[in-house]
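Chemist: structural data only, the sequence is not supplied:
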């Protein structure tokens with residue numbers, strides 16, 4: 001089993017309430033853990049190497065969206081960027 005280490009130094013949250021930051025971060029962490037624990041992901045990532053910066057696509061949310069959705073959607077975009 002391989003170990004995957006992800007370090008996010010900065011997460012810029014524009015347009016969100018300050019109070020929602022922890023829920024957004026938790027959604028991000030949970031979704032990344034799920035994505036990165038998929039069978040074969042560590043092997044696929046071993047060919048990627050160090051990625052100094054990754055830009056995710058814009059994430060659209062509506063007024064009814066829960067803060068966790070922003071984190072989950074962001075993690076999904078990060079996952080897409082890692083396996084391109």
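Modeler: Sure, I can see it. Predicted model only: the values in this text are computed from it and were never measured.

Chemist: can you give me the buried ones in stretch 42-56?
Modeler: Neighbour counts over stretch 42-56 (16 or more other C-beta atoms under 10 Å) mark residue 45 as buried. For every residue, glycine as well, the C-beta is placed using N, CA and C.

Chemist: ignore the last one, stretch 69-84
Modeler: Counting neighbours by 16+ other C-beta under 10 Å, stretch 69-84 gives 69, 70, 71, 72, 73, 74, 75, 76, 77, 78, 79, 82 as buried.

Chemist: which neighbouring elements make contact with the worst-scoring helix or strand of the chain on mean pLDDT?
Modeler: Lowest on mean pLDDT, DSSP states H and E among the helices and strands of the chain sits helix 41-46, with a mean of 77. Under the contact criterion of 3 or more C-beta pairs under 8 Å, 6 or more residues apart in numbering; DSSP states H and E, helix 41-46 touches helix 21-36.

Chemist: tell me which entries of the buried residues of stretch 69-84 lie within helices.
Modeler: Assigned to helices by DSSP state H, the following of those qualify: 69, 70, 71, 72, 73, 74, 75, 76, 77, 78, 79, 82.
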